[in-house]
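Trainee: this one's structure only:
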């Protein structure tokens, strides 16, 4: 992305004055288009899924969904660059664990904000996705923990996946998995609002999941069909699946046959 290309931006903050301040900063910057300004995480999450922006600026402590919750519920292919803007400094480690581009501590001035936006542009030119960086960080942690010996998630006889997390192994009940998205040889299992990262390819994981319950709806997404509450059609032969009140996933045209049972 060059400096002259327009960045599309969405922002969310439950404080009206903070939203207004961010809006004023963005309006004063060249090559910025604000797609929406929202008062909570739920609203901005829905808007991001309908029209993903290039950049998402999030407060952390918001009603309904926190800024962290919003990031964890976005599909990998729709993931914008993330800037957190908050009055609390104790979330910085968690923010950078999610590989945010920047962490703005309120109050901040226009010069500091401009630095954050420039970091987004620099990162875009290097073609480094948020999800890819998250997986890279996880790989480094895993490497230290297991001395670089590859460890795959294994299915146990009790219908659970044994997922290695550093020095611990967590047992994830398979039928409680809501959906899964992939990044290279790592998979992100979304289970009741929590995300587990496991080392596996899409093909290897599908072999461990009951095919009557889990279907592939995108090259990087698997869904538990029992978690789907509604299906809506989109343009170009695509569909959107609603999982509960907060999560929706796009079904690409090439995988629409996989949800035929939901449409019959």
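Mentor: Great, that's in hand. Because the structure is a prediction, the values reported are computed rather than measured. Numbering: from 1, shown residues only.
Trainee: would you map the strands across the stretch 1-150 of the chain?
Mentor: Along the stretch 1-150 of the chain, the stretches classed as strands by DSSP state E, counting those that start in this stretch are 7-12, 32-38, 55-58, 81-86, 102-105.
Trainee: can I get those strands in CSV including mean neighbour count?
Mentor: Any C-beta I mention is one placed from the backbone N, CA and C, and that applies to glycine too. Compiled in CSV, these are given as follows (neighbours: other Cβ atoms under 10 Å):
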stretch, mean neighbour count
strand 7-12, 23
strand 32-38, 17
strand 55-58, 27
strand 81-86, 24
strand 102-105, 18
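Trainee: adding distance to residue 205, write those out as JSON lines.
Mentor: Shown next, in JSON lines, are the strands of the stretch 1-150 of the chain (distance: least, Cβ to Cβ, whole Å):
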{"stretch": "strand 7-12", "distance to residue 205": "31"}
{"stretch": "strand 32-38", "distance to residue 205": "34"}
{"stretch": "strand 55-58", "distance to residue 205": "28"}
{"stretch": "strand 81-86", "distance to residue 205": "26"}
{"stretch": "strand 102-105", "distance to residue 205": "32"}
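Trainee: what's the closest of the ones you listed to residue 204?
Mentor: strand 81-86 (29.0 Å; Cβ to Cβ).
Trainee: so what does the closest one touch, helix or strand wise?
Mentor: strand 55-58, helix 67-73, strand 102-105, helix 110-125 (3 or more Cβ pairs under 8 Å, 6 or more residues apart in numbering; DSSP states H and E).
Trainee: return the most buried member of the ones you listed.
Mentor: strand 55-58 (a mean of 27; mean count of other Cβ atoms under 10 Å).
Trainee: mean confidence score for it?
Mentor: Average pLDDT, strand 55-58: 95.
Trainee: so what secondary structure elements neighbour it?
Mentor: strand 7-12, helix 41-50, helix 67-73, strand 81-86.
Trainee: so where is the protein shaky, pLDDT-wise?
Mentor: Counting by pLDDT under 70, the chain contains low-confidence ranges at 1-4, 76-77, 93-99, 124-158, 165-167, 183-185, 264.
Trainee: can you give me the helices in it?
Mentor: 16-27, 41-50, 67-73, 92-97, 110-125, 130-146, 202-208, 260-263 (DSSP state H).
Trainee: domain assignment for the protein?
Mentor: 7-128, 154-263 (automatic domain parsing).
Trainee: out of the ones you listed, which one sits most buried?
Mentor: domain 7-128 (a mean of 18).
Trainee: chain center to it: distance?
Mentor: For domain 7-128, the separation from the chain centroid amounts to 13 Å (computed by Cα atoms, centre = their mean, to the nearest Å).
Trainee: centroid residue for this protein?
Mentor: Most central in the chain under Cα atoms, centre = their mean is residue 74, positioned 3.5 Å from the mean C-alpha point.
Trainee: do I have it right that that one meets residue 46?
Mentor: No. The criterion here is Cβ atoms under 8 Å, and residue 74 misses it with residue 46 at 11.2 Å.
Trainee: name the residues contacting each of these two.
Mentor: With Cβ atoms under 8 Å, 6 or more residues apart in numbering applied, the contact sets of residue 74 and residue 46 do not overlap.
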